[in-house]
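> fold the following.
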Amino acid sequence: MKEIIIMNPRDNVGICLRDFSSEEKLDFQLDRKNLCIAFEDPVPMGHKVALSDIQKGDPIIKYGEKIGRATIDITAGQHVHVHNVTD
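All right, here's what the predicted structure looks like:
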């Protein structure tokens with residue numbers, strides 16, 4: 001069963017298909033590479049999680065397109081939402 005959706009290999013966020021608690025780990029495949037993220041924060045179903053480190057000012061990429069910009073440094077596994085993203 002899929003637990004996260006990554007729509008495009010360029011995406012730096014994934015959409016959670018279930019609630020994740022902090023310190024959970026998830027193995028997944030992206031562009032034929034096996035990867036693992038450790039959740040830094042609890043992330044509710046339907047919300048975004050950072051797949052890699054994102055620096056302040058960097059674009060948030062979902063569906064292969066920029067959907068916003070990081071307002072702070074975001075590390076892989078952190079919840080990505082209105083508290084750390086602007087348009």
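
> can you pull the pLDDT of the closest residue to R18 other than its chain neighbours?
Sequence neighbours aside, M45 is the residue nearest to R18 in space, at 5.2 Å (criterion: CB to CB, 6 or more residues apart in numbering). For the C-beta atoms, the positions are set from N, CA and C on the backbone; glycine is no exception. Predicted confidence (pLDDT) for M45: 97.

> pretty sure M45 sits against I5.
No: in this structure, M45 is not within contact of I5 by CB atoms under 8 Å, at 11.1 Å.

> hey, what's in contact with both of those two?
Listed as contacting both M45 and I5 by CB atoms under 8 Å, 6 or more residues apart in numbering are L17.

> where does pLDDT dip in the protein?
1 (pLDDT under 70).

> can you give me the neighbour number for the nearest residue to N8 once chain neighbours are set aside?
Among residues not flanking N8 along the chain, G64 sits closest, at 3.4 Å (CB to CB, 6+ apart). Residues within reach of G64, counting by other CB atoms under 10 Å, total 10.
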